[in-house]
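Q: sharing a model prediction with you, sequence too.
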Amino acid sequence: MNWTYNVPIKFHEYDLKQMKNRLKNFDKNTLLIASKRVINTFDLDVSNFQVLDDSLSNPDIHLVEKVLEKISRPDLIVAIGGGSSIDLAKVISALYEYKDEDVLALIRFKKYLDNEINIPIVAIPTTAGTGSECTKWATIWDMDNLKKYSVDADYLYPVESWMVPELTCTMGYDLTLSTGLDALAHAMESYWSKASNSYTRVLARDSIRIISKYLPLVLDDLDNMEYRQKMLMGSFFAGLAFSNTRTTAAHSISYPLTMLYGINHGFAVSITLFEILKRNWKYLKEQELFLEAFGVNNLEEVLVWFKLVSGEKINLKNFGVKKEEIPNIVNLATTGGRMDNNPIVFSEEEIQDILNCCYK
């Protein structure tokens with residue numbers, strides 16, 4: 001089979017001391033994106049940077065407008081944080097040259113694709129799950145109109161991504177679980193994506209193998225550095241896989257769950273993941289290798305793993321969704337580039353059936 005693979009990023013694994021030493025090499029023309037919590041927890045010296053430490057969760061159009069007006073043009077952006085921080089760095093890189101124009105129109109009509117003077121990015125993840133340090137796209141929310149957009153361009157791959165396991169140790173139980181499940185979703189959806197190939201499936205299986213073993217272990221021992229390092233590696237492999245395949249139906253259905261109910265992205269994605277796996281199963285290539293990566297013999301044992309890890313709490317009812325509201329979710333659940341990347345493009349009736357099965 002013919003295939004192409006591309007991730008033009010220089011990856012490094014550092015310890016915290018090495019990371020701090022490298023940060024000293026950057027000058028005042030660098031924009032540092034990091035929350036106050038990250039800066040204070042890791043005692044980062046930010047005196048030499050232009051610093052953006054606003055609330056960065058799920059960046060929306062209004063935050064982007066505010067940030068573009070606030071900052072001076074940097075020569076480099078260093079983003080230390082979860083996917084939202086790294087995504088915001090990508091959006092700044094794409095849109096800064098157009099900051100006096102309408103941000104929503106720029107994103108909707110993709111004018112940023114003509115940008116020839118974008119700002120390079122160094123991505124440093126503090127979670128083991130989003131994979132944004134491996135990709136060329138960013139998620140931006142338009143909460144006013146209940147829409148989700150992607151800013152997507154080849155020049156938005158970070159020039160470097162630094163893997164620092166110590167940075168993930170501040171995650172509590174729920175964030176460790178949700179980001180771990182997000183990484184697992186990236187690997188699984190990459191595996192059955194229409195764009196899947198023999199190379200990405202190897203990466204996805206390696207990710208599944210690591211996460212299925214170490215996510216339960218790290219949840220029982222949150223301070224274990226070996227487990228944290230393994231989870232960061234599992235997330236990294238998932239990022240490498242879906243950076244070339246993108247995600248599918250589980251991500252598509254997750255977006256209205258986040259927009260309408262504020263459900264954390266990792267939980268929103270994982271709610272439907274097993275039901276979608278069942279429906280996609282006959283289209284998966286190398287099924288035995290997929291099960292082997294999970295360390296199981298059949299699909300029901302995959303479900304047992306999910307229940308063991310999540311304590312059966314990852315369902316719609318637990319997150320405050322009412323059964324009569326499911327049709328509203330269905331109306332917003334089909335996202336181009338995600339749903340149509342699934343081996344089956346589910347109808348509205350099939351999406352409703354999936355969500356009904358996820359309501360307990």
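A: Received the coordinates, thanks.
Q: what sits against D100?
A: Under the criterion of CB atoms under 8 Å, 6 or more residues apart in numbering, the contact list for D100 is empty. Where you see a C-beta, it was placed from the backbone N, CA and C, and this is true even at glycine.
Q: in three-state terms, label the residue nearest in space to the middle of the chain for me.
A: Per CA atoms, centre = their mean, the C-alpha nearest to the average position across the chain is that of T130, at 2.7 Å. Per DSSP: H, G, I helix; E, B strand; the rest coil, the secondary structure class of T130 is coil.
Q: so what's it up against?
A: T130 touches G82, G83, I86, T179, D182, A183, S235, G239, H265, counting by CB under 8 Å, 6+ apart.
Q: likewise for V345?
A: M339.
Q: tell me the phi and psi of it?
A: The phi and psi torsions at V345 (degrees, to the nearest 10) take the values phi -90, psi 100.
Q: all strands of the stretch 151-300 of the chain, in order?
A: For the stretch 151-300 of the chain, the strands defined by DSSP state E, counting those that start in this stretch cover 160-163.
Q: what about it, any weak spots by pLDDT?
A: Per-residue confidence for the stretch 151-300 of the chain (pLDDT under 70) gives no ranges below the cut-off.
Q: helices or strands up against the helix ranked longest in the chain?
A: Secondary structure of the chain read by DSSP state H shows that its longest helix is helix 198-220. Contacts defined by 3 or more CB pairs under 8 Å, 6 or more residues apart in numbering; DSSP states H and E place helix 198-220 against helix 173-192, helix 225-245, helix 287-294, helix 299-310.
Q: recalculate using a threshold of 6 Å.
A: When contacts are defined as 3 or more CB pairs under 6 Å, 6 or more residues apart in numbering; DSSP states H and E, helix 198-220 sits against helix 173-192, helix 225-245, helix 287-294.
Q: what's the distance between L308 and N244?
A: As defined by CB to CB, to the nearest Å, L308 lies at a distance of 31 Å from N244.
Q: more neighbours: which of those two?
A: For L308 against N244, the residue with the higher neighbour count under other CB atoms under 10 Å is N244, and the figures read 21 against 10.
Q: ok, that one - contacts?
A: Y5, T200 (CB atoms under 6 Å, 6 or more residues apart in numbering).
Q: what's the neighbour count on I92?
A: 27.
Q: need the three-state assignment for it.
A: Taken by three-state DSSP, the conformation at I92 corresponds to helix.
Q: which residues does it contact?
A: Residues near I92 by CB under 6 Å, 6+ apart: none.
Q: now with 10 Å?
A: Going by CB atoms under 10 Å, 6 or more residues apart in numbering, I92 touches 31, 33, 52, 59, 64, 67-68, 71, 73-74, 77, 79, 99, 118-119, 121, 138, 151.
Q: swap in I253?
A: When the contact criterion is CB under 10 Å, 6+ apart, the partners of I253 are 268-269, 271-273, 275-276, 329-330, 332-335, 338-339, 346, 351, 354-355, 358.
Q: repeat the analysis, applying 7 Å as the threshold.
A: For I253, the residues meeting the contact criterion (CB atoms under 7 Å, 6 or more residues apart in numbering) are T272, A333, I351.
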